[in-house]
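K.L.:
sequence first, predicted coordinates after that:
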Amino acid sequence: MGQDKALLPWPPAGVQHSLRLSGQTFLSAAISSFLPYTEMVIVVAGNNVATIEPIVYSQGASLIVNPEPKRGQFSSLRVGLHELLNRGRDAAIVTLVDRPPVSSATINLLREALSSAPAQTWAVVPEHDGKHGHPFIIGREMIEAFLKAPAESTARDVEHKNLAHIRYVPVDDPFTTLNIDTPQDYAALVARSAPG
């Protein structure tokens with residue numbers, strides 16, 4: 001991307017968004033979108049800790065540093081889940097920072113899907129246009145599966161080993177499966193989000 005994706009402006013200048021946010025970033029908008037649904041938001045940082053720290057704390061979230069960010073996203077997920085358990089929690093809403101936040105309707109739908117799911121359901125994952133995305137919600141059993149997996153695993157590896165315990169929930173929210181990895185991806189998002 002050439003810059004920290006967490007700091008990309010969201011919503012883009014002149015674009016209205018359902019969260020009615022302005023002057024925010026992907027990171028601050030994501031934190032704001034989760035605050036109504038949880039008592040705690042934990043952000044896992046890597047080498048970007050100095051740049052995101054002011055945003056995290058100004059939004060009322062907690063910051064945890066991944067001591068080995070070169071190990072990738074899965075290591076950051078595990079650092080965050082360890083912290084979650086250390087704070088006495090046994091469920092989490094998990095998302096990545098390289099995307100705009102999903103709608104409140106999507107978060108509500110996922111929460112309702114987990115609360116009404118059978119006991120053997122460990123996670124609910126949004127599905128849009130045949131793709132699985134974020135945020136996903138996990139209970140204690142899925143947290144344990146992530147933490148017990150080999151360190152070189154990926155979240156997808158763990159997901160595939162536990163398909164019987166995952167409920168995929170169709171959502172009408174393209175942001176659930178959207179990744180912003182390049183300046184062109186971001187430009188396309190801005191163009192798509194522009195009024196008219």
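P.N.:
Yep, that arrived.
K.L.:
which of the residues in the longest helix along the chain are buried?
P.N.:
With secondary structure taken from DSSP state H, the chain has its longest helix at helix 73-86. By neighbour count on 16 or more other C-beta atoms under 10 Å, the buried set for helix 73-86 is 74, 75, 76, 77, 78, 79, 80, 81, 84. For glycine as for every other residue, the C-beta is placed from the backbone atoms N, C-alpha and C.
K.L.:
what of stretch 26-33?
P.N.:
Buried-residue list, stretch 26-33, by 16+ other C-beta under 10 Å: 26, 27, 28, 29, 30, 31, 32, 33.
K.L.:
do stretch 172-184 as well
P.N.:
For stretch 172-184, the neighbour count (16+ other C-beta under 10 Å) marks 173, 175, 176, 177, 178, 180 as buried.
K.L.:
list the contacts of it.
P.N.:
If you take C-beta atoms under 8 Å, 6 or more residues apart in numbering as the criterion, stretch 172-184 is touched by 1-2, 5, 8, 26, 96, 98-103, 105-106, 126-129, 131-135, 185-186, 189.
K.L.:
now it: average pLDDT?
P.N.:
Mean pLDDT, stretch 172-184: 90.
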